[in-house]
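K.L.:
Sequence first, predicted coordinates after that:
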Amino acid sequence: LASSAASDVYKRQSLPSGTSTTLKVSGTDKAVKWSSSDENIASVSKKGKVTGKNAGKAIITATIGKQTLQCRVIVRARLSRTKVTLVRYERIFLSLKGASIKRISSSEHKVASVSIVKEGKEGMIIGLRRGRATITVVDTTGRKYTCIVKVEEPYQREKYITLEEGQSYRCLLYTSDAAD
């Protein structure tokens with residue numbers, strides 16, 4: 001924010017839900033009092049740190065004496081992941097930060113299955129067979145978000161593997177409760 005006439009909306013700031021940015025007032029040594037028009041959308045600290053909470057719009061106001069400066073903040077919802085690699089039968093949970101999930105779908109139902117869990121808070125993805133799928137999440141306002149899923153086959157026949165420094169190996173262990 002820079003000095004401007006009272007109640008002018010000086011600038012706009014777009015912010016993904018769950019992230020922060022710090023606003024500053026230049027051209028003054030006086031104390032600044034910060035406030036938000038909607039703390040459920042975006043909160044602001046005493047030092048001007050704005051944190052996006054839920055999708056929507058809020059106005060952050062800086063008050064210096066009798067002068068006010070404003071910044072319109074638009075908070076966007078975001079997926080917890082946009083790309084993931086799974087092995088067969090592995091499952092992960094996908095959340096939509098800042099909004100609720102209305103619908104979730106898979107472009108390849110034989111590669112990855114999906115379902116909504118926890119009353120629209122999370123979607124569950126299960127890798128079914130080798131391939132790629134695009135998972136589409138739709139929030140309650142109709143906005144769409146995507147996550148690319150790659151499903152790989154686990155190497156089940158290997159008894160020993162050798163890894164170089166920095167390499168990783170992903171596998172699933174299967175257990176049997178049946179008595180021998």
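P.N.:
Thanks, I have it. Numbering: from 1, shown residues only.

K.L.:
When you work out contacts or count neighbours from here on, use the C-alpha atoms and nothing else.
P.N.:
Will do.

K.L.:
what pairs with the worst-scoring helix or strand of the chain on mean pLDDT, and is each one parallel or antiparallel?
P.N.:
Least confident element among the helices and strands of the chain, by mean pLDDT, DSSP states H and E: strand 9-16 (a mean of 77). Sheet partners assigned to strand 9-16 using DSSP bridges are listed as strand 67-76 (parallel).

K.L.:
ok, then the element right after the strand it pairs with?
P.N.:
strand 78-79 (DSSP states H and E).

K.L.:
What is that next one packed up against?
P.N.:
strand 91-97, strand 144-152 (3 or more CA pairs under 8 Å, 6 or more residues apart in numbering; DSSP states H and E).

K.L.:
same thing but 6 Å
P.N.:
Other elements packing on strand 78-79 under the criterion 3 or more CA pairs under 6 Å, 6 or more residues apart in numbering; DSSP states H and E are strand 91-97.

K.L.:
ok, whatever helix or strand comes next after the strand it packs on: who's next to it in the sheet?
P.N.:
Counting by DSSP H and E, the next helix or strand C-terminal to strand 91-97 is strand 101-106. Applying DSSP bridges, strand 101-106 is found paired with strand 131-139 (antiparallel).

K.L.:
which residues of the protein score low on pLDDT?
P.N.:
Counting by pLDDT under 70, the chain contains low-confidence ranges at 1-10, 155-159, 169-180.

K.L.:
circling back: using PDB, list the CA coordinates for the least confident helix or strand of the chain.
P.N.:
This file holds the C-alpha atoms of strand 9-16, laid out as PDB (Å, rounded to 0.1, in the frame of the first residue of the first chain):
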ATOM      1  CA  VAL A   9      -9.000   0.600  -3.000                       C
ATOM      2  CA  TYR A  10      -5.300   0.900  -3.700                       C
ATOM      3  CA  LYS A  11      -4.500  -2.600  -5.000                       C
ATOM      4  CA  ARG A  12      -5.700  -6.100  -5.300                       C
ATOM      5  CA  GLN A  13      -4.000  -9.100  -4.000                       C
ATOM      6  CA  SER A  14      -4.700 -12.700  -5.000                       C
ATOM      7  CA  LEU A  15      -3.800 -15.400  -2.500                       C
ATOM      8  CA  PRO A  16      -4.200 -19.200  -2.400                       C
END
